[in-house]
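Undergrad: coords please:
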Amino acid sequence: MTTTMPTTPTLYTIHNNHITVELCTTGASITRILFPPSNTSKIADDRPNYSDDVVLHCADYLSASCKNEAYFGAVVGRVANRIKGGTFELNGCSYSLMKNDGGLNCLHGGGGDRGFSHCQFQGKQVDDRCVVFTLTSKDGHAGFPGCVCIEVIYRIGEDDGILSCDMKGTCANGEVLMTPLNLAQHSYFNLAGHDSADGILSHSLYMPMSSFYTPIDANGIPTREVRALDDEKTMDFRTKRMLKEAIESYGVSYEGLDAAEAGECVAMRKGISKMTSKPFGFDHNYVIGEDNEETYHIAGVLEHSPSGRRMTVKTNMPGVQIYTSNYLDGSILGKENVKYQQWQGMCLETQYYPDSICADDGTFSDGACFILKPSGTPYIHSVSYTFEHI
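TA: Below is the predicted model of the structure:
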């Protein structure tokens, strides 16, 4: 069953003196963010009044047939991240979903024409700094129960570099079924510009509020353990680290490479695990705080010193998936016909924990997927991106 919404992608733009953001009805997505370099950077000296586009997307993102297999810029759902085996139980029933993650799991609500990422939302320009997207997802859409009304609001400040994304979900009038809901904003950021020759390797990442993470199995499914980072330095970003060194360390610690091999993989932008023969890098959920719509936590701080740019992500969600675009391999043609290679962009996907529908596994259940109930508390997910100069 599909949703009844517009079929032609439409673009909207919001802007102020600091940033310009282009948005699209397909997946309520972010398609461009124009952000100038610091006035003190060499880039600013060479190209005055210039702004880089700091998010990745497909070359054909304005086409209704755009595949967007990497979920560039989209709001993903109904349930972001992975659901083990593509099944879950709720309402006294067992629900089966599309296994679009190697035939094993459901990823981002099923992908393709099933997930929210590829649905056409209804868009409304409120003013120069705000756009609202809405979607009605029918009972049975992508295999999920219940009819759900989704609202996504993008705003930028009057005179600052803050972009906010507020995602809200409610049951439709008369609905009697509960449904899991866990949306995520899936933009890939590159503060050097989406077409940067060295990808995100010259960026640093700082996650001051993440003392724990949720380890995964070979198929990306959480083991249900919530592990402290004190004794696992490769995964620890409580001290600012360069992503180049962090990814090399990951290859040595977890993928069977020695230091020289890991360095060569990163230099060539082609990292394949000796353990699994899969591309490697970070794709993990970090614990950042309790779910509380009134409390905002720092999910991560991404910096690119050569351009003098910084982006700080804050959210009311209990977790954030950091993903270093490990599966990009040059096969996707990006904007300006750039072929995006491995580690070209950085995702910070604020969320409830992956594969956590009705989780009751001790501490892991603290981040359990939100269950939307008829006449119950609405789903409210807020995330903000502060773009500023170092």
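
Undergrad: switch to C-alpha atoms for all contacts and neighbour counts from now on
TA: Fine.

Undergrad: Would you mind finding the longest helix in this protein?
TA: Ranked by residue count, the top helix of the chain under DSSP state H comes out as helix 243-254.

Undergrad: Residue 210 - that's part of a strand, no?
TA: No - looking at residue 210 with DSSP: H, G, I helix; E, B strand; the rest coil, it is coil, so not inside a strand.

Undergrad: List the contacts of it.
TA: Counting by CA atoms under 8 Å, 6 or more residues apart in numbering, residue 210 makes contact with 237-238, 286-288, 299.

Undergrad: how about 6 Å then?
TA: Residue 210 sits next to 287-288 when contact means CA atoms under 6 Å, 6 or more residues apart in numbering.

Undergrad: repeat for the one 3 residues further on
TA: The contact partners of residue 213, taken as CA under 6 Å, 6+ apart, are 226-227, 285-287.

Undergrad: Residue 194 now?
TA: Residue 194 touches 54-56, counting by CA under 6 Å, 6+ apart.

Undergrad: how does it look with 10 Å?
TA: 32-33, 52-57, 188, 200, 334-336, 338, 340, 344-345 (CA atoms under 10 Å, 6 or more residues apart in numbering).

Undergrad: what helices or strands is the helix or strand following the longest helix of the chain leaning on?
TA: Downstream of helix 243-254, the first helix or strand assigned by DSSP states H and E is helix 259-268. Counting contacts by 3 or more CA pairs under 10 Å, 6 or more residues apart in numbering; DSSP states H and E, helix 259-268 packs against helix 243-254.

Undergrad: Just want the angle from the helix it packs on to helix 259-268.
TA: Using axes from the mean of the first three to the mean of the last three CA atoms, to 10 degrees, the direction of helix 243-254 lies 140 degrees away from that of helix 259-268.

Undergrad: Which of the residues in helix 243-254 are classified as buried?
TA: 243-253 (16 or more other CA atoms under 10 Å).

Undergrad: Quick one: classify the nearest residue to residue 213 once chain neighbours are set aside as helix, strand or coil.
TA: Distances taken as CA to CA, 6 or more residues apart in numbering place residue 286 nearest to residue 213, at 4.2 Å, with adjacent residues excluded. With three-state DSSP as the basis, residue 286 sits in strand.

Undergrad: ok, residue 286 - contacts?
TA: Here residue 286 is in contact with 207, 209-215, 226-227, 229, 235-236, 299, 318-322, 350-351, 353 (criterion: CA under 10 Å, 6+ apart).

Undergrad: If any of the contacts of residue 194 are buried, give me the ChimeraX selection for them.
TA: Applying 16+ other CA under 10 Å to the contacts of residue 194 leaves a buried subset, and the ChimeraX line that selects it is:
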select :32,33,52,53,54,55,56,57,188,200,334,335,338,340,344,345
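
Undergrad: So which of the contacts of residue 194 sit within helices?
TA: Reading helices off those, I find no matches (DSSP H).

Undergrad: what bridges to the residue nearest to residue 213?
TA: Residue 286 has the following beta-bridge partners by DSSP bridges: residue 213, residue 320.

Undergrad: about what we covered before: nearest to residue 132 among the contacts of residue 213?
TA: Nearest to residue 132 among the contacts of residue 213 is residue 285, at 28.2 Å by CA to CA.

Undergrad: wait, doesn't that closest one sit right on residue 353?
TA: Yes - using CA atoms under 10 Å, residue 285 is in contact with residue 353, at 6.8 Å.

Undergrad: Please identify which of those two sits among more neighbours.
TA: residue 353 (32 against 28; other CA atoms under 10 Å).

Undergrad: got the contact list for that one?
TA: With contact taken as CA under 10 Å, 6+ apart, residue 353 is in contact with 80-82, 182, 213-214, 222, 224, 284-287, 317-321, 359, 364-370.

Undergrad: Quick check: residue 182 vs residue 78, distance?
TA: 6 Å (CA to CA, to the nearest Å).

Undergrad: Mind checking which of those two has more residues around it?
TA: Remark: of residue 182 and residue 78, residue 182 carries more neighbours, 30 against 27, as counted by other CA under 10 Å.

Undergrad: Which strand residues bridge residue 58?
TA: With DSSP bridges as the rule, residue 58 is bridged to residue 334.

Undergrad: From residue 13, how far off is it?
TA: Residue 58 is 18 Å from residue 13, by CA to CA.

Undergrad: Neighbour count for the two, which is higher?
TA: residue 58 (25 against 19).

Undergrad: for the stretch 201-350 of the chain, what are the low-confidence residue spans?
TA: Within the stretch 201-350 of the chain, the ranges that satisfy pLDDT under 70 run 290-294.

Undergrad: hmm, try it at 80
TA: Residue ranges of the stretch 201-350 of the chain with pLDDT under 80: 289-295.

Undergrad: same thing with the stretch 51-200 of the chain?
TA: By pLDDT under 80, the low-scoring segments of the stretch 51-200 of the chain are 111-113.

Undergrad: So for stretch 206-218, what gets flagged as buried?
TA: Going by neighbour count (16+ other CA under 10 Å), the buried part of stretch 206-218 is 206-216.

Undergrad: residue boundaries of the strands in the stretch 1-150 of the chain?
TA: For the stretch 1-150 of the chain, applying DSSP state E, counting those that start in this stretch gives strands covering 11-15, 20-24, 29-35, 52-53, 75-76, 82-84, 87-90, 93-96, 105-107, 122-127, 130-137, 148-156.

Undergrad: tell me the most buried of those?
TA: Across the strands of the stretch 1-150 of the chain, the average number of neighbours (mean count of other CA atoms under 10 Å) peaks for strand 75-76, which reaches a mean of 28.
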